[in-house]
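Student: got a structure for you, letters missing:
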């Protein structure tokens, strides 16, 4: 068992697959005594760096297949999820930066993250709305004003950019992505393989 390993967790709160995999990933990390480094990113920039395109620009067949996958994984994870939420696509940058602010404050962002995922994918709330984000932070036990002020600061904006660049440099085609010792695992459907890598403590695989 790889006690002490760190997994870099690249995600955005507006990703349905990040929502579906979030609890399962944290459970896996806990079982393997791995540290989680929360690294919210700009998903469209991660897509673009790997040659991907926004959802609305994808071929209709790919858009339809995405809906099949969401239904399958919604059932597999036992989570509620609206396939067509009222506020999607939406600019999740401030909500994501609130996660980065919480990490800078050395506060555990998990409760806020879970609430934010549910806000988009279950409760039909607008995650681009500053008041919605403030409500979610307060409900999670944080000082919403302080967190939002820090979220807009240059230090957090720099971290957000750096996370996005690091995800692209790790060759992640999208989010969520998990990087262990330089090896990238793209998608919450790769969590079993991530768990195997943690369990075995094998050397990381390389793409070259």
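Tutor: Good, I have the coordinates. Keep in mind it's a predicted model, so treat the numbers as computed, not measured. Numbering: from 1, shown residues only.
Student: residues contacting residue 26?
Tutor: Going by Cβ atoms under 8 Å, 6 or more residues apart in numbering, residue 26 touches 36, 110. The C-beta positions use only the backbone N, C-alpha and C, and glycine is treated the same way.
Student: Just give me the residue closest to the centre of this structure.
Tutor: Central residue of the chain (Cα atoms, centre = their mean): residue 11, 2.2 Å from the mean position.
Student: Tell me the spacing between that residue and residue 192.
Tutor: In this view, residue 11 and residue 192 are 18 Å apart by Cβ to Cβ, to the nearest Å.
Student: Just list the residues touching residue 153, thanks.
Tutor: So residue 153 contacts residue 101 (Cβ under 8 Å, 6+ apart).
Student: Now it. Its backbone dihedrals?
Tutor: phi -80, psi 160 (degrees, to the nearest 10).
Student: any idea how far it lies from residue 27?
Tutor: Residue 153 is 32 Å from residue 27, by Cβ to Cβ.
Student: Please apply the same query to residue 144.
Tutor: According to Cβ to Cβ, residue 144 and residue 27 sit 28 Å apart.
Student: Kindly report the same for residue 102.
Tutor: The gap separating residue 102 from residue 27 is 20 Å, by Cβ to Cβ.
Student: that's a strand at residue 8, yeah?
Tutor: Yes. The assignment for residue 8, made by DSSP: H, G, I helix; E, B strand; the rest coil, places it in a strand.
Student: Residue 144 and residue 27: which is more packed in?
Tutor: Using other Cβ atoms under 10 Å, the more surrounded residue of residue 144 and residue 27 is residue 144, with 19 against 12.
Student: If I look at the more buried one, what pLDDT would I see?
Tutor: pLDDT recorded at residue 144 is 98.
Student: Okay, buried residues for stretch 14-33 please.
Tutor: 14-26, 28-29, 32 (16 or more other Cβ atoms under 10 Å).
Student: now do stretch 119-126
Tutor: 119-121, 125-126.
Student: and for that stretch, what are the contacting residues?
Tutor: Contacts of stretch 119-126 (Cβ under 8 Å, 6+ apart): 13-14, 16, 19, 80-82, 85-88, 90, 92, 127, 132, 136.
Student: In helices only, show me those.
Tutor: Among the contacts of stretch 119-126, DSSP state H puts 16, 19, 132, 136 in helices.
Student: I'd say the last one and residue 112 touch.
Tutor: Yes. Residue 136 is in contact with residue 112 according to Cβ atoms under 8 Å; the separation is 5.9 Å.
Student: so where does residue 158 fall, helix or strand?
Tutor: Element membership of residue 158, judged by DSSP states H and E, is helix 154-169.
Student: Which strands or helices does the following helix or strand past that helix pack on?
Tutor: Scanning forward in sequence from helix 154-169 by DSSP H and E, the next helix or strand is strand 177-180. Counting by 3 or more Cβ pairs under 8 Å, 6 or more residues apart in numbering; DSSP states H and E, the packing neighbours recorded for strand 177-180 are strand 6-11, strand 183-186, helix 191-200.
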